[in-house]
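Student: What would the 3D arrangement of this be:
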Amino acid sequence: MRVTILEKSDLAARLIIEGISPPLANTLRRISLSEVPVMAIDDIVIYENSSVLHDEILALRLGLIPLKTDLDSYNLPEKCTCKSELGCSLCRVVLTLNVEAKGGVRTVYSGDLVSENPNIVPVSDKIPIVKLAPGQRIMLEAYAKLGRGKDHAKWQPVSACNYRYKPIVNIDYARCDGCGKCADICPKRVFAKEGDKIVVVREMDCILCTDCVRVCGIKPPPIQISWDDSTFIFYIESTGSLPVDRIIFEALKIYEEKFTEFMELLKGLRE
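Tutor: Numbers count the residues shown, from 1 in each chain. So this is what the prediction gives:
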């Protein structure tokens, strides 16, 4: 397997993975979506809520706020020795919200949540939660825990995770008349006209729609669109809970653990 990084930032990455099969590519995608753990608010103790939102709706909105996650300092609740419903300092973080509208209408934002751990905070301070009319107040404690996306979407570490085959675009210049129809119709601007010649300028952006083949007036078309079924272009975008490279490494680690467990089971059956 060979990996080539095309683009990368803290929140998103586009890379080429060569030498793998479609089932393995889909396994990595599904693990990234549903198995890599992140922090999210799971339990809430509401002391006062005079806002227009019912307690359940307020709790739902708080649970969907993505939180920055420290995987090295906290245990998954099922793996923690405390076995407590609300957890302990090794498996949960307490965030408090105590806001009152005094001088007029006030919008409560995610930045109003105060965490006991400065490293476990909302990824953005500007996520609106609710508007309070004068005199209304919210006072609560929220307990954030590690969880997995397969249990609830609030624990998904990625907002996008997809892959596609690496495209292969070929032009038979001996038969191409350079009319430029393919360059005009291509939604991704894969082709460009240089003088009397059509050239491929953005092969990696091809989405295999084959509009260029259908619009060509020459039969059979001199343009051939195909793909490499052992090479994939991956795109992964983090919610901000974890850096995108940490999500990839954790997904590979979980895959290795699952593979090892499966082989041990097979070994036990054979014995």
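
Student: Quick one: classify the closest residue to V123 other than its chain neighbours as helix, strand or coil.
Tutor: Leaving aside its sequence neighbours, V123 sits nearest to G240 (Cβ to Cβ, 6 or more residues apart in numbering; 3.2 Å). Backbone N, C-alpha and C define where each C-beta goes, glycine included. Counting by DSSP: H, G, I helix; E, B strand; the rest coil, the backbone at G240 sits in coil.

Student: What about G240, how many residues nearby?
Tutor: For G240, the count of nearby residues is 19 (other Cβ atoms under 10 Å).

Student: which residues sit in contact with C88?
Tutor: For C88, the contact set (Cβ atoms under 8 Å, 6 or more residues apart in numbering) comprises 80, 82.

Student: What's the separation between it and T81?
Tutor: 8 Å (Cβ to Cβ, to the nearest Å).

Student: which residues does the residue nearest to V123 contact?
Tutor: G240 is in contact with 11, 66, 68, 123-124, counting by Cβ under 8 Å, 6+ apart.

Student: Identify, from the residues you listed, the entry nearest to P22.
Tutor: Nearest to P22 among the contacts of G240, counting by Cβ to Cβ, is L11 at 26.5 Å.

Student: Tell me how many other residues crowd that closest one.
Tutor: Using other Cβ under 10 Å, the number of residues around L11 comes to 16.

Student: Just give the nearest non-adjacent residue to it, would you?
Tutor: S238 (5.0 Å).

Student: Identify the bridge partners of that neighbour.
Tutor: Counting by DSSP bridges, S238 is bridged to V158.

Student: and the gap between it and S84?
Tutor: Distance, S238 to S84, using Cβ to Cβ: 30 Å.

Student: Comparing the two, which residue is more hemmed in?
Tutor: Under the neighbour definition other Cβ under 10 Å, S238 and S84 were set side by side, and S238 has more, 27 against 11.
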